[in-house]
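Asks: Just the structure for this:
(one chain, ligands or ions: 1)
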Amino acid sequence: MTTSNPILRFSAISLFPEMFAAVTESGVVGRAIKKGKVAVDLINPRDFTTDRHRTVDDRPYGGGPGMLMKVEPLEKAIEFAQSSQPDGNRPGKVIYLSPQGEKIDHQMVSQLSQEEHLILLAGRYEGIDERLLNKHVDLELSLGDFVLSGGELAAMAVIDSVTRLVPEVLGHKESAEQDSFADGLLDHQHYTRPEVYDGNRVPQVLLSGNHQVIESWRLQQRLGRTWLRRPDLLARKKLTEQEEKLLSMFQAQFES
Ligand SMILES: NC(=O)c1ccc(N[C@@H]2CC[C@@H](O)C2)nc1
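Replies: Prediction:
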């Protein structure tokens, strides 16, 4: 069933729109687009240049290495993205991807999945004029403390992670509720055939067919792994009495 108006629309502003095929032509996002639940428009600032050489970069004031993205083509691309928003809808939220942004986490992804239109600004070169950012950008986001040669990969990470949380995008089989972080814990271990691999057996509990025991074991592993690998996440989580008990049993075994 394709609906004419998608639940969530992304407008990706990028000098390398062909990169976005990586998310638009496969997997969860590809299927969500086919089902008309999500749309991804690609907007290239180069199409908004007026000079013969279609110039999109310029030298930085104050000198220094590299180039910056020209203001005018970017501004026209952003205004084009906003004008493509159906009348009456809330204006699109302009997101700039950069190492100077707020670190993205599940909370942020979940909030973004409630929006109707996300305009993702993927920069290149050394970046973008601060006055353009101040005028047009609502939210500056970062995948983490590292530098990419362009914002496109970060923008695609936003498209993929947000799309997964759009209602009815994931079938019940792949439901996002089971995702790690959805409840502030890391994921448990996963196993599939063969039962013995490289001399290691699958944990017996998973072969028992006793779903209550399996669920309890999985929760205990999630608590234990979060305690071992991401104590910062555990510190933020209010544990139920049952979770406290499972975790302390895990800790006792671990420390024995
Ligand atoms: N950590 C990140 O999310 C991130 C985002 C963008 C980026 N690089 C672009 C290229 C020029 C400027 O627009 C920023 N690097 C890292």
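Asks: Contacts only, for residue 201.
Replies: Applying CB atoms under 8 Å, 6 or more residues apart in numbering to residue 201 gives the contacts residue 195. Any C-beta I mention is one placed from the backbone N, CA and C, and that applies to glycine too.
Asks: Same check on residue 17?
Replies: 42-44.
Asks: Please report the distance of the residue in the stretch 51-200 of the chain positioned nearest to the ligand from residue 221.
Replies: For the stretch 51-200 of the chain, the residue closest to the ligand is residue 123, as judged by CB to the nearest ligand atom, at 2.0 Å. Distance of residue 123 to residue 221, computed by CB to CB, to the nearest Å: 40 Å.
Asks: Pick out whichever of the two has more residues nearby.
Replies: Shown here are residue 123 and residue 221; by other CB atoms under 10 Å, residue 123 has more neighbours (23 against 19).
Asks: one step back: mind checking the SS state of the residue of the stretch 51-200 of the chain closest to the ligand?
Replies: coil (DSSP: H, G, I helix; E, B strand; the rest coil).
Asks: from memory it sits against residue 97, does it?
Replies: Yes - with contact defined as CB atoms under 8 Å, residue 123 reaches residue 97; the gap is 7.2 Å.
Asks: so what sits against both of those two?
Replies: When contacts are counted by CB under 8 Å, 6+ apart, residue 123 and residue 97 are jointly contacted by residue 151.
Asks: rewinding a little: can you tell me how far the spatially closest residue to the residue of the stretch 51-200 of the chain closest to the ligand that is not a sequence neighbour sits from residue 224?
Replies: Once flanking residues are discounted, residue 123 sits nearest to residue 151: 4.7 Å by CB to CB, 6 or more residues apart in numbering. The gap separating residue 151 from residue 224 is 37 Å, by CB to CB.
Asks: picking up where we left off before, now render the contacts of residue 17 as a markdown table, adding pLDDT.
Replies: Shown next, in a markdown table, are the contacts of residue 17 (pLDDT from 0 to 100):
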| residue | pLDDT |
| --- | --- |
| 42 | 98 |
| 43 | 98 |
| 44 | 98 |
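Asks: Which of the residues you listed sits closest to residue 175?
Replies: residue 42 (29.2 Å; CB to CB).
Asks: and the nearest residue to the closest one once chain neighbours are set aside, how far is that from residue 133?
Replies: Spatial nearest neighbour of residue 42, chain neighbours left out: residue 17 (3.7 Å); criterion: CB to CB, 6+ apart. Note on residue 17: its distance to residue 133, by CB to CB, is 21 Å.
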